[in-house]
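Enquirer: Make a model of this:
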Amino acid sequence: MIQISKNKNIEKSLIIIKPDGIQKRVAGKIISRFEDAGLEIERMKMIRIDEELAGEHYKEHRKKSFFGSLLKYICSGPVIIMVVRGPEAILKSREIMGPTDSRKAPSGTIRGDFGEDITVNVVHGSDSPRSAEREVRLFFGENF
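Expert: The predicted structure follows:
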């Protein structure tokens, strides 16, 4: 196991490789990008998200017009759920992924290289320590 110095800003982030990432067969490439950036994969599993779990995960979007299509998309196939850990893991992960809208994401980012648009964008990552904690607990349980 990799030991990381305690004097750095060590964080955890939840990462989801979404159904299009699995369908396009780029999951391995995506995982490698996080590892190549020095992040440790602490937990990983492949699941199919049901509508109830998806609704809880995306609860901040409930009243938005795209909520229904977002749930349909995330439930459309298997996903890989990971917890990555390391110095400034949230910021580093978001830089690796690129902007949410894949059409605006630069080449060399996950979304720029593999995504299609703002919804079909291959990957999700926590956007803050607070959301990371909530999302990790949602997908891996209270004791994680």
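Enquirer: Could you list the buried residues of stretch 81-90?
Expert: I81, M82, V83, V84, R85, G86, A89, I90 (16 or more other Cβ atoms under 10 Å). (Each C-beta comes from the backbone N, C-alpha and C, glycine too.)
Enquirer: scratch that, stretch 17-36 is what I was asking about
Expert: I17, K18, P19, D20, G21, I22, V26, A27, I30, I31, R33, F34.
Enquirer: Stretch 69-76 too?
Expert: L70, L71, Y73, I74, C75.
Enquirer: In helices only, show me the buried residues of stretch 81-90.
Expert: Using DSSP state H, the subset of the buried residues of stretch 81-90 located in helices is A89, I90.
Enquirer: Show me which pair in the buried residues of stretch 81-90 is furthest apart.
Expert: Greatest spatial distance in those: I81 and G86, 17.5 Å, computed using Cβ to Cβ.
Enquirer: and the buried residues of stretch 81-90 as TSV, adding distance to G115 and pLDDT?
Expert: TSV is the format used below for the buried residues of stretch 81-90 (distance: Cβ to Cβ, whole Å; pLDDT from 0 to 100):
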residue	distance to G115	pLDDT
I81	18	98
M82	18	98
V83	22	98
V84	19	98
R85	24	97
G86	23	97
A89	21	97
I90	19	97
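Enquirer: Please enumerate the strands of this structure.
Expert: 10-17, 40-47, 79-87, 123-125 (DSSP state E).
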